[in-house]
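> compute the structure for the input listed below.
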Amino acid sequence: MSLIGVADGDNFFAGTEQLLDARLRGKAVVVLSNNDGNVIARSKEAKLLGIKMTTPRHELAPLINAGTLIARSGCWPTYEVMSRRLVWSCSHFTPSLEEYSCDEVFMSMEHIDPRTADAYGQLIKKTVATWTGIRTSLGIGPTKTLAKAAIERAKQTTGVYAVTTPTEIDDLLATLSVEDVWGLGSRKSSWLKHQGITTAQAFANAPTWWIRQHLSVVSARTQLELRGQPAFPLITARATKQEILVSRAFGRPVTEVEQLREALSFYTARACEKLRAEHRCAGLISVHVATNPFRKREPQYSNSITIRLDRPTAYTPTILAAALGGLERIYRPYPFHRVGIALREFVAEDPAQGTLFAPHFPSARERQLMMTLDAICQRFGREAIRYLGTGFARPWASKGDYRSPRALTQWAEIPHVQVR
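Next comes the predicted model:
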């Protein structure tokens, strides 16, 4: 029997905050969304307090002010670093893996004996914790869906749970609610419950033709997976991005066009960095602006503009000039809540077809300049060199009043130790 495992970082965002700040360990911690708006992650201690996902921060103010609950602003670059460490650690135990999300990794375990699956999972769990500090749970089964089901049991037991025999599979599915089956979603599971199918076992035993007719082909594949028949292979190749979008809500309403230009310049520079990291060039850009739709009493305005570039490029000055030109065309004097840019219609950096008016595409000078800037920023920090138009004070920036020091990504925020 060929097995698949899935490693899941326990309470990944909140757990990262506790890992990097020892004072938070054992405390109730929540991580907030952009602009410190809502809860997007909770530590196990916060879950015991009854804190729900998406709870607005202002509703938690009494607990935060009393010190019962600790809030942290989401720090995505830090979580990205920890995610890469999780993947790197898991790669030592498998010939192939799939990066499913920032805190989940599917692993091929076809090389191990099913009788040793639990012990092998414990070895992975212990090693990841030793190398990275990240606490994980592992589910192991004949298919991806069964591995995901096993991880729910793992979190309630020793942190590792393997299902390798028909008896173990039946026992797991009999106690798993249909709404917890990976891939079904709330709408489908709700419909199934109305049909009297409340457990994963009942779903697995339903007629396949009936599932395909009333739900979908994908749901029928999920059913096959619960029966132990692989229907979703590991996706080891990284998917090619079709769009790069960079947009943030402002920390306060922005009315000055110069601040709007500054924010758009900052987001555009970041989008171009991501584009070059993919080794792609963009042929189309879209710029959008919007006021706050939740402030009903204020005048509302939103608009966007799409611009086709003369030639696909990853050269920041060219894309920046086009983006700012687009902003001028859609700007109106309103209190704006958001601005952003999207890059689309990607082509490979090389080889690339030139045009009648731009035969040298992209120019060696442009490419070399961008490579040099990216190398400097990668070594010394993202803004070791910045474009003047991206500003310095940035009063429009998203709120991050509860942000932890970014010791993994910012040289200036590495803790100082004094030895006397």
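> going forward, measure contacts between C-alpha atoms and count neighbours the same way
Will do.
> so for this protein, the centremost residue is which one?
The residue lying closest to the centre of the chain (C-alpha atoms, centre = their mean) is C102, at 5.3 Å.
> and the spatially closest residue to it that is not a sequence neighbour, what helix or strand is that in?
In space, C102 comes closest to S83 once its chain neighbours are excluded; the distance is 5.4 Å by C-alpha to C-alpha, 6 or more residues apart in numbering. Secondary structure from DSSP states H and E places S83 in helix 76-90.
> how far out from the middle of the chain is that helix?
11 Å (C-alpha atoms, centre = their mean, to the nearest Å).
> pull out the buried residues from it.
In terms of neighbour count (16 or more other C-alpha atoms under 10 Å), helix 76-90 has its buried residues at T78, Y79, E80, M82, S83, R85, L86, V87, S89, C90.
> quick check, pLDDT for the residue nearest to C102.
If you check S83, the pLDDT there is 96.
> again with V417
pLDDT, V417: 83.
> for it, helix, strand, or coil?
Taking DSSP: H, G, I helix; E, B strand; the rest coil as the rule, one finds V417 in the coil state.
> quick one, helices of the stretch 51-200 of the chain?
Listed in chain order, the helices of the stretch 51-200 of the chain (DSSP state H, counting those that start in this stretch) span 61-65, 76-90, 117-132, 144-154, 166-175, 185-194, 200-205.
> and these: which comes nearest K52?
helix 61-65 (13.5 Å; C-alpha to C-alpha).
> what's that closest one in contact with?
When contacts are defined by C-alpha atoms under 8 Å, 6 or more residues apart in numbering, helix 61-65 is touched by residues L69, I70, A71.
> what subset of the residues you listed is buried?
Applying 16+ other C-alpha under 10 Å to these flags L69, I70, A71 as buried.
> how close does A237 sit to R344?
Counting by C-alpha to C-alpha, to the nearest Å, the separation of A237 from R344 is 21 Å.
> what is the neighbour count of the closest residue to E243 other than its chain neighbours?
Of all residues not flanking E243 in the chain, R344 sits nearest, at 4.9 Å (C-alpha to C-alpha, 6+ apart). Number of residues near R344 (other C-alpha atoms under 10 Å) recorded here: 19.
> a strand runs through R344, doesn't it?
Yes - judged by three-state DSSP, R344 forms part of a strand.
> pLDDT wise, what is it at?
In this model, R344 carries a pLDDT of 96.
> begin at 36 from now on, thanks
I'll keep to 36 as the first residue from here, and by that count the last item is R379.
> what are the bridge partners for it, then?
L319 (DSSP bridges).
> where does the stretch 286-435 of the chain have low pLDDT?
386-397 (pLDDT under 70).
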